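1. Based on what follows, work out the 3D shape:
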Amino acid sequence: MQKILFETENELVSFFNRFKGKSLLEISKSLDGDILRSISKNKGMVGQIFEGLTGRSPNTSPEPDIKELNIDLKVLPLKKVNNSFVSKERSKITKVNYRKMLIEEWNNTYLRKKIGKILYNAYYHPNGSSFDDLGDLIFKGSFIFKLNERAEKSVIKSDWKRLKREVCQLNAHLVSEKMFRLLSASTSGTGRKLEYHQDAKHAKERSHSFKNGFMTSLWKEQKNNNTQSIDTGGQMFDSFILNIMRDTIENRTIGELEAEFGLSLDTNAKNLVHLLLKKMLNVNDLASISDIDVNELEIKTVPLNPKNDTPWESMSFPKMSLRDLAFEQWNGSDDDQGHEASLRVDLEKNFIFIPIIKNKIKVDGRMRFEERKLWRFGKVMPWRPDDETLNGVREEWEYCKDMVVNDKVETWAYVQRSGKTIQRNNLLKSSDSKYIHIRPHASDSSHIDIPFLKHTNERIRISWQSFWINKSFLKQILSS
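-> Got it, this is the predicted structure:
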């Protein structure tokens with residue numbers, strides 16, 4: 001197959017978008033035989049398939065993939081959360097070279113060249129699918145990121161300068177992802193320690209990466225014109241939202257807020273908070289607030305027992321297939337062997353916890369929650385996991401991964417006193433962990449995790465699961 005040369009950016013985008021809606025398996029059948037045979041059998045294969053469509057074989061050249069337009073090609077894996085497509089992981093650009101950062105300036109960096117223009121090919125990667133399941137991976141479309149045309153270009157430059165400052169001050173070993181807004185220095189590979197200066201402590205191996213929330217905002221920007229950005233008057237967005245929440249809803253009941261803002265009594269508490277936020281920010285109910293994604297802000301309501309300040313329930317993360325654990329690496333993988341752990345992506349955010357204080361009263365001989373309009377919002381709390389927490393969660397996540405990889409998951413029937421038979425399993429329980437546990441995401445046990453059923457050769461028939469933050473750890477966060 002002859003290499004295709006493109007004259008314009010629109011021509012390049014149109015070329016790829018001809019394949020929109022097709023599976024990666026269908027798309028791969030369009031490849032030249034020699035190119036198809038040269039494609040790797042791991043995570044990197046998706047990018048190689050798209051590059052192969054242009055008649056270019058896999059290569060390690062530092063030059064742009066589409067040299068005539070000075071454009072690099074990258075892929076953007078998407079997952080579905082609450083019926084919306086979001087980025088599955090951060091976009092790793094290139095490894096951090098601490099030694100070069102000591103002497104280089106922004107405009108002449110290899111990184112600056114790499115992110116000048118990037119064409120992203122976005123594809124849907126369903127829960128439980130691996131790179132052996134190309135028929136399940138669906139191409140959603142292409143778009144071009146152009147640094148010089150982005151309003152965020154000064155923020156991206158500032159993020160790089162922040163990293164350079166830490167490196168030049170010989171503090172690279174103290175770098176943390178929370179230091180950066182859009183362009184992060186994410187832990188890479190095994191996180192091994194690298195020497196970069198004779199007088200400095202060794203620093204973790206890292207990669208320059210666009211944060212996951214920023215990638216989600218870029219995708220939504222392509223698909224939804226109904227987005228709004230918020231003017232915070234120079235204040236950091238998460239602090240701005242935190243202050244608004246504290247001023248408006250703390251120590252007030254749902255009934256009071258619904259009456260003031262004219263909201264429906266039928267709205268559940270979680271949706272009520274988001275509707276209230278839009279009312280307070282003067283945002284259309286149907287619009288999306290882009291700053292929430294960009295700033296990786298996660299607003300969570302936590303039902304609280306006022307008698308002991310303990311959450312009534314644990315806090316769940318999005319639905320997963322247990323099979324996903326077999327193909328994920330905590331930090332992702334620079335050798336293209338697996339995606340970054342979804343739990344890490346979901347956890348490394350700026351959380352705002354909003355307690356909802358709910359009393360239980362006796363009704364017809366049974367304990368039930370009091371009338372919804374009497375529920376009261378408690379003290380609004382910001383939280384972002386520190387390194388100690390992330391390391392602890394990682395250990396528990398690795399335990400869960402080991403159970404899947406080494407076929408240790410077991411289920412059995414258990415007969416309750418009522419005579420009802422339920423299924424039990426040996427997945428990580430909150431009684432055996434400090435931070436997280438696994439339990440069903442689906443309330444209906446008939447919603448079977450089909451990918452994991454196939455993964456175990458139909459030995460384990462179990463419902464879809466989720467990671468949950470333990471109630472005891474959630475209480476610790478809210479008490480801090």
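
2. which residues of the stretch 101-250 of the chain fall in strands?
-> Under the criterion DSSP state E, counting those that start in this stretch, the stretch 101-250 of the chain contains strands at 117-124, 138-146, 183-187, 193-194, 203-204, 206-210, 227-228.

3. Which one of the ones you listed lies nearest to residue 93?
-> strand 206-210 (4.7 Å; C-beta to C-beta). Bear in mind the C-beta positions are built from the backbone N, C-alpha and C, glycine included.

4. what helices or strands is the helix or strand of the chain with the lowest mean pLDDT leaning on?
-> Using mean pLDDT, DSSP states H and E, the weakest-scoring helix or strand in the chain turns out to be strand 227-228, at a mean of 76. Applying 3 or more C-beta pairs under 8 Å, 6 or more residues apart in numbering; DSSP states H and E, we find strand 227-228 packed against strand 288-289.

5. how far is the strand it packs on from where the chain is centred?
-> 17 Å (C-alpha atoms, centre = their mean, to the nearest Å).

6. Dead centre of this protein: give me the residue that sits there.
-> residue 345 (3.8 Å; C-alpha atoms, centre = their mean).

7. Just give the nearest non-adjacent residue to that residue, would you?
-> Closest residue in space to residue 345, ignoring its immediate chain neighbours: residue 212 at 5.3 Å, by C-beta to C-beta, 6 or more residues apart in numbering.

8. which helix of the protein spans the most residues?
-> Taking DSSP state H as the criterion, the chain has its longest helix at helix 387-405.

9. What are the contacting residues of that one?
-> Residues from elsewhere that reach helix 387-405 (C-beta atoms under 8 Å, 6 or more residues apart in numbering): 176, 322-323, 325-326, 328, 330, 341, 343-344, 347-348, 385, 408-409, 426-428, 433-436, 438, 452, 455, 467.

10. Which positions within it qualify as buried?
-> Of all the residues in helix 387-405, those buried under the rule 16 or more other C-beta atoms under 10 Å are 389, 390, 392, 393, 394, 396, 397, 400, 401, 403, 404.

11. quick one on the thing from earlier: what lines up beside the least confident helix or strand of the chain in the sheet?
-> Looking at strand 227-228 with DSSP bridges, its partner strands are strand 288-289 (parallel).

12. that older thread, now for the residue nearest to residue 345: which residues touch it?
-> By C-beta under 8 Å, 6+ apart, the residues touching residue 212 are 87, 88, 89, 90, 296, 345, 348.

13. I'd like the distance between the fourth one and residue 30.
-> When distances are taken as C-beta to C-beta, to the nearest Å, residue 90 and residue 30 turn out to be 29 Å apart.

14. which of the two has more neighbours?
-> residue 90 (22 against 14; other C-beta atoms under 10 Å).

15. okay but the more buried one is in contact with residue 348, surely?
-> No - under the criterion of C-beta atoms under 8 Å, residue 90 makes no contact with residue 348, lying 9.2 Å away.

16. thinking again about what came up before, quick check, nearest of the buried residues of helix 387-405 to residue 201?
-> Among the buried residues of helix 387-405, residue 390 lies closest to residue 201 (C-beta to C-beta), at 19.8 Å.

17. can you pull the pLDDT of that closest one?
-> Looking at residue 390, its pLDDT reads 94.

18. again with residue 402
-> The per-residue pLDDT reported for residue 402 equals 97.

19. cool, the one 4 residues further on as well?
-> The per-residue pLDDT reported for residue 406 equals 97.

20. what's the spacing between it and residue 466?
-> Distance from residue 406 to residue 466, by C-beta to C-beta: 22 Å.

21. the more surrounded of the two?
-> residue 466 (19 against 9).

22. how about the closest residue to the more buried one other than its chain neighbours, what does it touch?
-> The shortest distance from residue 466 to any non-neighbouring residue, by C-beta to C-beta, 6+ apart, is to residue 441 (3.9 Å). By C-beta under 8 Å, 6+ apart, the contact list for residue 441 reads 316, 318, 319, 320, 463, 464, 465, 466.

23. returning to what we had before: how about the strands of the stretch 101-250 of the chain, which one is nearest residue 417?
-> The closest of the strands of the stretch 101-250 of the chain to residue 417 is strand 117-124. By C-beta to C-beta, the value is 44.5 Å.

24. Next, the angle from the closest one to strand 206-210.
-> Counting by axes from the mean of the first three to the mean of the last three C-alpha atoms, to 10 degrees, strand 117-124 lies at 80 degrees to strand 206-210.

25. Okay, now the sheet partners of strand 117-124, with direction.
-> For strand 117-124, the paired strands and their directions (DSSP bridges) read strand 72-81 (parallel), strand 138-146 (antiparallel).

26. Out of those, which one sits most buried?
-> Greatest average neighbour count among the strands paired with strand 117-124 goes to strand 72-81 (a mean of 20), per mean count of other C-beta atoms under 10 Å.
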